[in-house]
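[1] return atomic coordinates for the entry below.
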Amino acid sequence: IEYEFLSPSHEAIFGFTEAELRADIRLWGSRIHIDDRQQGFRLVPHGPTPPGSFVTEYRFCHKDGHWIWISDYITYCWNAEESCCLVTSVGIDISDQKQAEARLRQSEATLREAQAIAHIGSWEYDAIANTTHWSEEMFRIHRFTLPYPTLTPTAAFETIHPDDREGYLALYRESVATGTSHKTDLRILCGDGSIRYVEVQGKPIFDDRGQLIRLCGTVLDITDRKQIEEALRQSEQRFRGAFDTAAIGICLCSVDGQFLQVNPAFCQMVGFTEAELQTMKFQDLTHADDLLADLVLYQRMLTGELPAYTLEKRYLHRSGRTVWVILSVSMVQDWQGTPLYIVGHIQNITIRKQAEKVLQQRPTCYLDILEDQTAMIALVLPSGVLTFVNEAFCTYFGLERQTAIGRQLGQLVFGEDQERLAKWIQSANQANPIVTMKIRVVVQGEVRWTQWTNRAIFDDNDQIIEYQAVGREIDNLRRVVAGLEVKENHTTPFSA
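    The predicted structure is shown next:
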């Protein structure tokens, strides 16, 4: 290399003086990065050739040791007289540009990675060129596989579910007309045939004349969120169905005891409407004698000392009467353990309490006599509720005493005979207090015939306060009688 001219800026860019470069003809070439030497200058001719030019980029090691990027515009022509190539080089330091490009590539890589992690894709529509550009994550969200297709605006629009296209098109037109951003949820048709939910956001961009030049936005895959929302909706539906149709009372209360939601069974139990109860606290309904015990347990649960609690207490009905209940209370907390609301399950045990009261009022010796009898004996309230059953009754029906007491007698009677039982209860009076009847009962799934002698007990006002029922099974007797009737029907004069 023989230098004819070196501009003063050459030293400013490369760090070497003209004298240093002229003294060592190999110096400048040795400072070019080894990977760029052949690529950068392979077009310089070494023999007769027409004039030409080219642009190359290469890395150069500055005199102080740091690397710089050079963009070199080179022209050349062959000098036949001297058999050499004359080269003119105009170099520009593009290190800042290269660093900016590297940062941009890193930023784009980071963006791609972030979009992949968050399932957010970006898109752009060029209104002038009528072209569409999607990010890699957009293609992944749409379940397209490599190589990714080139989508026209029409093809991109057709990835929207047919039922959602008209709504999105109207939203897009409104966004362009008003110059505002838009956002909506819609379904997309994916490359693998599946349907997914996405959240689409878009913003129109205009030139100085107000003409739309492009539309850009993002797409967020919300399929998992939609599935969770649907599962939650179905769960809430199931809870609401169970809540509204439950045979026992259910209520949701705030931490201070305010009723938030109550089901129909609880409203019927206390005689107030849901709207009325939502203006009240459970403390307003609780019997004064039971409130302190309830509040002590309630406070222990709120402080975490108890996970839940159960107690028997009394509510005050709208009419003023007392309603005995078994109350089971639990607390729902957030992820930090902060109480959100209280759940109460309430079972009406007023009838059982009445039966227990009647039972407690009877002399112990009287009950002992009934217990010793081999016949089935039951004491029944006018409402049909059992208040006492002896051991023979429990053994016959296969029931525990505590399960039988408080139960409706009609629940043990065969369906077709329940109406006759109800008529018998209504027919007893002072003139005819004792009634004997044959009814079928169900014992462990088997229908059996029984006979009962029933006596109505009256108070001083001639009101029935109790029925005393004594029963026995007559299945065997009915079979014997039926057998005799068959035999009698088949007797002939000869056999007689």
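[2] any idea how far Gln201 is from the closest residue to Gly398 other than its chain neighbours?
    Counting by Cβ to Cβ, 6 or more residues apart in numbering, Gln444 is the residue found nearest to Gly398 once chain neighbours are left out, at 5.3 Å. All C-beta atoms are positioned from the backbone trio N, CA, C, and that covers glycine. Separation of Gln444 from Gln201 (Cβ to Cβ, to the nearest Å): 67 Å.
[3] which one's more surrounded, the two?
    Between Gln444 and Gln201, Gln201 has the larger neighbour count (other Cβ atoms under 10 Å), namely 16 against 8.
[4] contacts only, for the more buried one.
    181-183, 217-220 (Cβ atoms under 8 Å, 6 or more residues apart in numbering).
[5] hmm, 10 Å instead?
    Gln201 is in contact with 120, 122-123, 181-184, 216-220, counting by Cβ atoms under 10 Å, 6 or more residues apart in numbering.
[6] please apply the same query to Ser71.
    By Cβ under 10 Å, 6+ apart, the neighbours of Ser71 are 55-58, 90-94, 97-98.
[7] look at it and give its secondary structure.
    strand (DSSP: H, G, I helix; E, B strand; the rest coil).
[8] what's across from it in the sheet?
    Glu57, Ile92 (DSSP bridges).
[9] return the per-residue confidence for it.
    Note for Ser71: predicted pLDDT of 90.
[10] show me the helices in the stretch 51-200 of the chain, by range?
    Ranges of helices in the stretch 51-200 of the chain, per DSSP state H, counting those that start in this stretch, are 95-118, 136-141, 153-157, 162-178.
[11] for Thr403, which of those helices is the nearest?
    In terms of Cβ to Cβ, the element of those nearest to Thr403 is helix 162-178, at 56.3 Å.
[12] before we move on, the earlier item: hang on, isn't the residue nearest to Gly398 packed against Leu412?
    No - the pair Gln444 / Leu412 is not scored as a contact, 11.0 Å apart, by Cβ atoms under 10 Å.
[13] can you list the weak-confidence ranges in the stretch 101-250 of the chain?
    108-112, 114-118 (pLDDT under 70).
[14] and with 90 instead?
    For the stretch 101-250 of the chain, the stretches with pLDDT under 90 are 101-122, 135-137, 140, 144-151, 208-210, 222, 224-247.
[15] ok, which stretches of the stretch 301-450 of the chain are helices?
    Counting by DSSP H, counting those that start in this stretch, the segments of the stretch 301-450 of the chain that form helices are 350-361, 364-372, 391-397, 401-404, 418-427.
[16] ok, and what's touching the shortest one?
    Which is helix 401-404. Contacts for helix 401-404 (Cβ under 10 Å, 6+ apart): 352, 378, 386-391, 393-394, 397, 411-412.
[17] and the average pLDDT for it is what?
    Taken as a whole, helix 401-404 carries a mean pLDDT of 86.
[18] go on, the third one?
    The average of the pLDDT scores along helix 391-397 is 91.
[19] I figured Leu169 hits His182, correct?
    No - using Cβ under 10 Å, Leu169 is not in contact with His182; the gap is 11.1 Å.
[20] looking at these two, which one has more neighbours?
    His182 (19 against 12).
[21] ok, the closest residue to that one other than its chain neighbours - contacts?
    Counting by Cβ to Cβ, 6+ apart, His182 lies nearest to Ser175, which is 4.0 Å off, once chain neighbours are set aside. Under the criterion of Cβ under 10 Å, 6+ apart, the neighbours of Ser175 are 181-183, 202-204, 215, 217.
[22] and if we set it to 8 Å?
    Counting by Cβ under 8 Å, 6+ apart, Ser175 touches 181-182, 202-204.
[23] could you check how far Glu400 is from Glu312?
    In this view, Glu400 and Glu312 are 20 Å apart by Cβ to Cβ.
[24] residue most distant from the centroid, the protein?
    Distance from the C-alpha centroid of the chain, by Cα atoms, centre = their mean, peaks at Glu81 (88.0 Å).
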